[in-house]
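[1] Curious how this folds, go ahead:
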Amino acid sequence: ARAAPPGGGGDGEGGMMWLERALRRAVSSLPSPTRENVLLKAFAVVNMPLISYVNPTIESISDKSVAVRIAHTRRSTGHVGGNMYIGALVVGFDIAGGFLAYEKSVETPVTLIFKSLAVDFKRRTEGDVIFECHEGE
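    Residues are numbered from 1 along each chain as shown. Reported below is the predicted structural model:
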């Protein structure tokens, strides 16, 4: 038999929403972006291990924008020429595009699913990459 979450969990909450709410309360006193980095890392470990593998960091966040850094490390580097692997780049796109919606979905849970991805690479990635999204309206 599974143990019920605090509060009984019988209020219709799906999955681990009760845990996420408890974590949000616990980190609410931390400064931004430290608070968001803790939430991102917890979300990644529980729901998407690939995100935690490349270890992204939220550099800055506001109501309208977010900047996410993925360090150029062995984990994010591809096999050709030492530039960042496309899978790590897509993780950065995913977080930058989805984190603002994730933050706004505290009261009303939202499931984000990307339908398509169109990318124009301007140059090789030879260092850390910062992904920015300014669509948080």
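[2] list the buried ones in the lengthiest helix in the chain?
    Of all the segments of type helix in the chain, defined by DSSP state H, the longest one is helix 86-104. Within helix 86-104, the residues that qualify as buried are 88, 89, 91, 92, 94, 95, 96, 97, 98, 99, 100, 102, counting by 16 or more other C-beta atoms under 10 Å. C-beta: built from backbone N, CA, C; applies to glycine.
[3] ok, residues contacting that helix?
    If you take C-beta atoms under 8 Å, 6 or more residues apart in numbering as the criterion, helix 86-104 is touched by 36, 40, 43, 50-51, 54, 56, 58, 61, 64-68, 70, 75-78, 110, 112, 114, 117, 119, 125, 129, 131-133, 135-136.
[4] What's the first helix or strand after it?
    Secondary structure here is assigned by DSSP states H and E; on that basis, the next helix or strand after helix 86-104 toward the C-terminus is strand 129-133.
[5] any idea how far residue 117 is from residue 69?
    Here the criterion is C-beta to C-beta, to the nearest Å. By it, residue 117 lies 20 Å from residue 69.
[6] Among the two, which residue is more densely surrounded?
    When neighbours are counted by other C-beta atoms under 10 Å, residue 117 and residue 69 differ, and residue 69 comes out ahead with 16 against 9.
[7] thinking that one is in contact with residue 84, fair?
    No: taking contact to mean C-beta atoms under 8 Å, the distance of 11.7 Å between residue 69 and residue 84 leaves them out of contact.
[8] Mind listing the shared neighbours of the two?
    With the criterion set as C-beta under 8 Å, 6+ apart, the overlap between the contacts of residue 69 and residue 84 is residue 129.
[9] Now the one helix or strand residue 36 maps to: buried residues?
    Counting by DSSP H and E, the element that carries residue 36 is helix 34-47. Within helix 34-47, the residues that qualify as buried by neighbour count (16+ other C-beta under 10 Å) are 35, 36, 37, 38, 39, 40, 41, 42, 43, 44.
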